[in-house]
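[1] sequence and predicted structure below; questions after.
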Amino acid sequence: MKMIRTIAELRDFMRHNKRPICFISASPFNLMGIEGWVGNFTFISYIDPFDGRHPNVFVPSNIPGIEPKSFEEITNYLLQHPEVIDHITRLGVRPVVLFLMFDEKTEALCEERGIEIWHPPARLRHHCDDKIETVRIGNEAGVRSVPNTIGPARTYEELLSLARRAGLGADLVVQTAYGDSGDTTFFIASEDDYNREAEKIAAENEVKIMKRINCRSATMEGCATASGTLLTPLMTEVVGKPELTPKRGGWAGNEIFAGAFPEKVRADARDMAQRLGNKLYERGYRGCFNVDFLIDENNEVYLGELNPRISGASPLTNQAAFAYADAPLVLFHMMEFSGVGYEIDVKELNDRWAREESIDHWSQLIIKSTEEANEIVTHAPATGIYRMALDGSVSYDRFDYRRQAIESDEEALFLRFTGPGDPLKKGHDLGALLMRGRIMNADYGLNERAVNWIKRMKSFYVSEPVTEIQCDEAQEPNH
């Protein structure tokens, strides 16, 4: 094919794609909607939020006795499943795969099966994903982090000593190198705070120790390409809301809307993300990445975390107004790995995507179980469009899997993650809720509408203690 130079050529190239492209992950959530842009695109998932009603989703039968615990384990479980191997074989020759998470075992499995991975190497991703390495990458790129120091903190005294030498004070935030921020970010203002997390902190050879600032979280997605770094608009982040997550620093959703931040904040974040993307490309990393920012009371922007992957914010950015006017960010990621020559005017795209008129108002909530429980779900809300009535009640309206099917501010698309027969424990993901408009107020707390949606969707879940289920099963033959 001739070299791709325009968005129209990119869209046409992807729409007429003949190679099998599969997104293999726990669910289709992160790339939902991409099947409408890319020919021969299939989701291969561990769970089926759609109960068999999505034409592009393949879910193999469960193998008894195998329960993968992490995203990487889920990926490798699927790649070794006989039904998945057969499905990919039937899709056609020269198959390609995309992942949310994978490791070096994944790479070996794909090489063995003749499957091409359209991501940077797992080892490079893992290296860039290190929260402490993020500080170093940022420093190289001229991107500032919250005042911090790095070193071991095997005791509270050692932590305080490092913090004092760096002028950070005694009210601190400590992060370990890897893991979900809700599990690996610790707020330490006293020895008691440290002692509660001592086992996790002391086990690390080095941790990131930050001055605690009063801030709000934001995120931006990018794509590092040979033509430069593409950037989506800056989005708000929903973090640590007790209605959604039991984790104090846990991510639980995003908003994308034009008035979220002053222009200076948006410009600073774009500049910082551009520098990071360019530095990543220098290091050999290419394709999609995500940057979390911390914005203090004076609207100073600091680097928070770097996520070298397709992210949880991707469903919003890949289906936003600017994406439909041009192309979703992940299409540029695919172009980078496709082997097809291209030359895209990145500056023109970034300038256009940064304009307020290119940004529509959408939000997503990630709803987790927040109560202590050891139960089995007996009833769960189906994936589809739900409607909120004037009295605040919520009811299932119709099945759909497209965000574009949401017709008004009174509707939302629920994507179920936990279904009947699944275990229910504190912290488990119940589902994602996508809707028009805002979910937070001016003070960045959840607004009344969002709180009501969360409460109503949780109320559709019914569960029973594991012991009761076991007793019922034991009695069944006597009936």
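    Structure's in. What do you need? These numbers were taken from a predicted model, which means no experiment stands behind them.
[2] so how far is R456 from the residue lying closest to Y401 once chain neighbours are set aside?
    Sequence neighbours aside, H54 is the residue nearest to Y401 in space, at 5.2 Å (criterion: CB to CB, 6 or more residues apart in numbering). Just so you know, the C-beta spots here come from the backbone N, C-alpha and C atoms, and that holds for glycine as well. To R456, H54 is 24 Å away according to CB to CB, to the nearest Å.
[3] domain ranges for this protein?
    7-118, 125-129+214-358, 147-211, 362-467 (automatic domain parsing).
[4] out of those domains, which is the most enclosed?
    A comparison of those by mean neighbour count, using mean count of other CB atoms under 10 Å, puts domain 125-129+214-358 on top with a mean of 20.
[5] could you tell me the end-to-end distance of that one?
    Start to finish, the residues bounding domain 125-129+214-358 are 31 Å apart (CA to CA, to the nearest Å).
[6] which residue packs closest to K264, ignoring adjacent ones?
    Spatial nearest neighbour of K264, chain neighbours left out: N299 (6.5 Å); criterion: CB to CB, 6+ apart.
[7] other SSEs contacting the longest helix belonging to the chain?
    Longest helix in the chain by number of residues, with DSSP state H as the criterion: helix 263-282. Applying 3 or more CB pairs under 8 Å, 6 or more residues apart in numbering; DSSP states H and E, we find helix 263-282 packed against helix 131-141, strand 215-225, strand 228-231, strand 287-296, strand 301-307, helix 346-354.
[8] repeat that for 10 Å
    helix 122-129, helix 131-141, strand 215-225, strand 228-231, strand 287-296, strand 301-307, helix 346-354 (3 or more CB pairs under 10 Å, 6 or more residues apart in numbering; DSSP states H and E).
[9] for the record, mean pLDDT for it?
    Averaging pLDDT along helix 263-282 yields 96.
[10] can you give the distance from it to the centre of its chain?
    With CA atoms, centre = their mean, to the nearest Å as the basis, helix 263-282 stands 19 Å off its chain's centre.
[11] got the CA positions of it in PDB?
    Output of helix 263-282 as PDB, limited to C-alpha atoms (Å, rounded to 0.1, in the frame of the first residue of the first chain):
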ATOM      1  CA  GLU A 263      -6.200  26.600  29.600                       C
ATOM      2  CA  LYS A 264      -2.800  27.000  31.300                       C
ATOM      3  CA  VAL A 265      -3.300  23.700  33.100                       C
ATOM      4  CA  ARG A 266      -4.300  22.000  29.800                       C
ATOM      5  CA  ALA A 267      -1.300  23.500  28.000                       C
ATOM      6  CA  ASP A 268       1.100  22.500  30.800                       C
ATOM      7  CA  ALA A 269      -0.200  19.000  30.800                       C
ATOM      8  CA  ARG A 270       0.100  18.700  27.000                       C
ATOM      9  CA  ASP A 271       3.700  20.000  27.100                       C
ATOM     10  CA  MET A 272       4.600  17.500  29.800                       C
ATOM     11  CA  ALA A 273       2.900  14.600  28.100                       C
ATOM     12  CA  GLN A 274       4.500  15.500  24.800                       C
ATOM     13  CA  ARG A 275       8.000  15.500  26.400                       C
ATOM     14  CA  LEU A 276       7.300  12.100  28.100                       C
ATOM     15  CA  GLY A 277       6.000  10.600  24.900                       C
ATOM     16  CA  ASN A 278       9.100  11.700  22.900                       C
ATOM     17  CA  LYS A 279      11.400  10.400  25.600                       C
ATOM     18  CA  LEU A 280       9.600   7.100  25.600                       C
ATOM     19  CA  TYR A 281      10.100   6.800  21.900                       C
ATOM     20  CA  GLU A 282      13.800   7.600  22.300                       C
END
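[12] ok and that helix relative to helix 122-129, angle-wise?
    In terms of direction (axes from the mean of the first three to the mean of the last three CA atoms, to 10 degrees), helix 263-282 departs from helix 122-129 by 150 degrees.
[13] give me the angle between helix 263-282 and helix 346-354.
    Using the same axes, to 10 degrees: helix 263-282 against helix 346-354 is 140 degrees.
[14] which pLDDT value does the model give P477?
    Per the predicted model, pLDDT is 39 at P477.
[15] oh, that last question was meant for D360, not what I typed.
    87.
[16] okay, now it: neighbour count?
    15 (other CB atoms under 10 Å).
[17] what helix or strand does it sit in?
    Assigned by DSSP states H and E, D360 belongs to neither a helix nor a strand.
[18] now it, nearest residue through space, not along the chain?
    D360's closest residue in space is A321 (CB to CB, 6+ apart), at 4.0 Å.
[19] my guess is the one you found contacts P328. True?
    No: if you go by CB atoms under 10 Å, A321 and P328 don't touch, sitting 11.6 Å apart.
[20] shaky segments in the stretch 51-200 of the chain?
    The stretch 51-200 of the chain contains residues with pLDDT under 70 at 181-182.
[21] residue nearest the centroid of this structure?
    G312 (1.7 Å; CA atoms, centre = their mean).
[22] pull the contacting residues for it.
    Going by CB atoms under 10 Å, 6 or more residues apart in numbering, G312 touches 29-30, 100, 219, 237, 251-254, 290, 364, 366, 432.
[23] give me that answer again for 8 Å
    Residues in contact with G312 (CB atoms under 8 Å, 6 or more residues apart in numbering) are F29, N30, W251, N254, I366.
[24] check T370 too.
    T370 is in contact with P242, E243, L244, T245, P246, K426, counting by CB under 8 Å, 6+ apart.
[25] and those, which is closest to K69?
    Nearest to K69 among the contacts of T370: K426, at 15.9 Å, using CB to CB.
[26] re the thing from before, inside helices: which ones of the contacts of G312?
    Per DSSP H, the contacts of G312 never map to helices.
[27] where is pLDDT lowest across those residues?
    W251 (92).
[28] show me the contacts for the closest residue to that residue other than its chain neighbours.
    Leaving out its chain neighbours, the residue that sits closest to W251 by CB to CB, 6+ apart is V239, at 5.9 Å. V239 makes contacts with S217, G249, G250, W251, A252, as judged by CB under 8 Å, 6+ apart.
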